[in-house]
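1. Give me coordinates for this.
(one chain, ligands or ions: 1)
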Amino acid sequence: MDTFVIEGGRRLSGRVRVYGSKNAALPLTAAALLTDQPVTLRDVPDLADLRNMYRLLAELGCVRTSEPPAEQPGVLRLHTQSTSNSHARYDLVKTMRASICTLGPMLAKRGFARVSMPGGCSIGDRPVDLHLRGLAALGAEITLTAGDITAKAPQGGLRGATIFLGGASGSTVLGTANVMSAATLARGVTIIESAACEPEIVDLANMLNAMGARIRGQGSPRLIIEGVKELHGVEHTVIPDRIEAGTFILAAAITNGDLILDNCPMDALLAVVDKLAAMGVRIATVPSAPGVPPAIDPMRASVRVTCDRVLKPVEVTTQPHPGFPTDIQAQLMATLTLADGNSVITERIFPERFLHVAELSRMGAKIYRQGPTVIISGVKRLIGAPVMASDLRASACLVLAGMAAEGTTVIHRVYHLDRGYERMEDRLNSVGAVIKRVDDKDLPPDSRIAEG
Ligand code: UD1
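-> The predicted model follows:
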């Protein structure tokens, strides 16, 4: 199993490009099931989660096609060529929860879908009741058999409806993606109230519209979807990854660095920029190259991140977009362990998403947790230690902590990180980090962690 060995105490400096968004790309690829014409996506990151998705889509008859000249990096061509299998099996779904995104598109296009129920994961229970409630409101008959969700459209197909899609923690991102995608082919008008406003949903709505759908209100809590008879093929560029951008910004902050990020989706990061300003981290738009005026697209800006030597503590609550994203909570926590005073983080989306607390504590952080709230009492320094990655964003948090710590940090199970960050260590090393990827077996025994 791959492990990172990080020599800490290096200040990051230089320039990195933010890649296309994983969380946007996943539902976009599933939307290829809505048409029998080819769908071409650009700026798709090369990640384990997406490779799992291609495997699943291929089983469902939607194949990845490469056309001459040889496929360029980041370009993905998908083409649904068969509809004979509509069953997303457990062994593929369990490796990647986002497989649930195939449910709405298959149901709408084929009238039938069977998708294994995704289980919980290390960040909590992660139910899908809202997805199912939304699809049922469009007329689908939903049953649960042997751990699989079976959804059947009524005779004549799905029909438009007014749907409230809010739950105890607010809106649902993939639930909105599923119901919105299904409603594009329903008869009549669908209104989704309490829809997710995340930029990834806006990207999906924009691509669906370019395929012939009629969606209005994307980016707001009310989506209005006029159903159409069919959707056609499309070429679409995936938005840059706001979570990756936020992670790089915090990497600059925790190492007291000076980084330029290109292709940075500033418009999707306002809550993060606001909190970081309060901490003493400055993010300013700069030219994308010497002599070139700053980009006017606020989703693809070049920005320079610089910070005060001593960071100030802050209070943060995670919320649905446009609030502070839960997917940046762990990386922010790593950074706040070195702030000058007490910070408070409350997790409102996934109240159990705190497995990184114990690992940061192993490195000398002072963190006290009570339910969904943690108090982080800033320390003068973190000390390198062997630690365990437990989920994708917790892994990124440990990489940040390792880069700032004194001495060597060994992070086990970095396969979690590879699910969401393409060549993370190469890119961080290119701006001054010292991170080596090694096989667990090649480590000295005292750096190994027993399985169990
Ligand atoms: C997506 C993101 C994930 C991010 C999360 C919240 C992808 C692939 N994943 O996950 O990285 O952390 O949004 O921003 O895009 N809920 C219900 N019932 C449901 C669905 C959700 O109660 O049917 C609850 C969840 O338990 C959670 C909240 O709603 O408390 C938000 O979850 P949701 O937005 O659905 O997360 P995902 O779309 O799975």
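2. quick one: contacts for Gly124?
-> Contact partners of Gly124, counting by C-beta atoms under 8 Å, 6 or more residues apart in numbering, are Phe350, Pro351, Glu352, Arg353. For the C-beta atoms, the positions are set from N, CA and C on the backbone; glycine is no exception.
3. For it, give me the backbone phi and psi.
-> Here is the backbone geometry of Gly124 (degrees, to the nearest 10): phi 140, psi -170.
4. From the contacts of Gly124, pick the one nearest the ligand.
-> The ligand lies nearest to Phe350 out of those, by C-beta to the nearest ligand atom, at 5.6 Å.
5. From what I see, that closest one and Pro127 are in contact.
-> No: the pair Phe350 / Pro127 is not scored as a contact, 11.6 Å apart, by C-beta atoms under 8 Å.
6. what about the two, which has more around it?
-> More neighbours surround Phe350 than the other of Phe350 and Pro127, with 20 against 15 (other C-beta atoms under 10 Å).
7. looking at this, the more buried one is in a strand?
-> No: under the criterion used here (DSSP: H, G, I helix; E, B strand; the rest coil), Phe350 is coil, not part of a strand.
8. Could you measure from it over to Thr318?
-> Distance of Phe350 to Thr318, given as C-beta to C-beta, to the nearest Å: 8 Å.
9. Give me the common contacts of those two.
-> Each of Thr326 lies in contact with both Phe350 and Thr318 under the rule C-beta under 8 Å, 6+ apart.
10. helices or strands next to the strand or helix carrying Val399 in the packing?
-> Secondary structure assignment for Val399, by DSSP states H and E: helix 392-404. Secondary-structure packing of helix 392-404 (3 or more C-beta pairs under 8 Å, 6 or more residues apart in numbering; DSSP states H and E): strand 2-7, helix 242-254, helix 329-336, helix 355-362, strand 408-412, helix 415-418, helix 424-429, strand 434-439.
11. what angle separates it from strand 408-412?
-> 170 degrees (axes from the mean of the first three to the mean of the last three C-alpha atoms, to 10 degrees).
12. Is helix 392-404 positioned near the ligand?
-> No: with C-beta under 6 Å from any ligand atom as the criterion, the ligand is not reached by helix 392-404; the gap is at least 7.7 Å.
13. Now do Pro69, the pLDDT please.
-> Pro69 is assigned a predicted lDDT (pLDDT) of 58.
14. Tell me how many other residues surround Pro293.
-> Around Pro293 there are 7 other residues, counting by other C-beta under 10 Å.
15. An error on my part: the question was meant for Ile224.
-> For Ile224, the neighbour count with other C-beta under 10 Å is 18.
16. Point out the residues in the chain that sit beside the ligand.
-> Counting by C-beta under 6 Å from any ligand atom, the residues of the chain close to the ligand are 23, 26, 98, 126-131, 167, 169, 172-175, 200, 326-327, 349-350.
17. Recalculate using a threshold of 5 Å.
-> Within the chain, the positions adjacent to the ligand are 23, 26, 98, 127-130, 167, 169, 172-175, 326-327 by C-beta under 5 Å from any ligand atom.
18. Quick check: the farthest pair among these?
-> Distance extremes for the residues of the chain next to the ligand: the farthest pair is Asp129 and Asp327 at 21.7 Å, using C-beta to C-beta.
19. and the contacts of Gly124 as a markdown table, adding distance to Pro372 and pLDDT?
-> Listed next are these as a markdown table, based on distance: C-beta to C-beta, whole Å; pLDDT from 0 to 100:
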| residue | distance to Pro372 | pLDDT |
| --- | --- | --- |
| Phe350 | 9 | 94 |
| Pro351 | 4 | 92 |
| Glu352 | 8 | 91 |
| Arg353 | 9 | 93 |
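20. which residues sit against stretch 86-101?
-> With C-beta under 8 Å, 6+ apart as the criterion, stretch 86-101 contacts 23, 26-27, 30, 49, 52-53, 55-56, 59-60, 102-103, 106, 110, 112-119, 121, 126, 128, 131, 147-148, 174, 177-178, 181.
21. can you give me the end-to-end distance of that stretch?
-> End-to-end span of stretch 86-101 (C-alpha to C-alpha, to the nearest Å): 13 Å.
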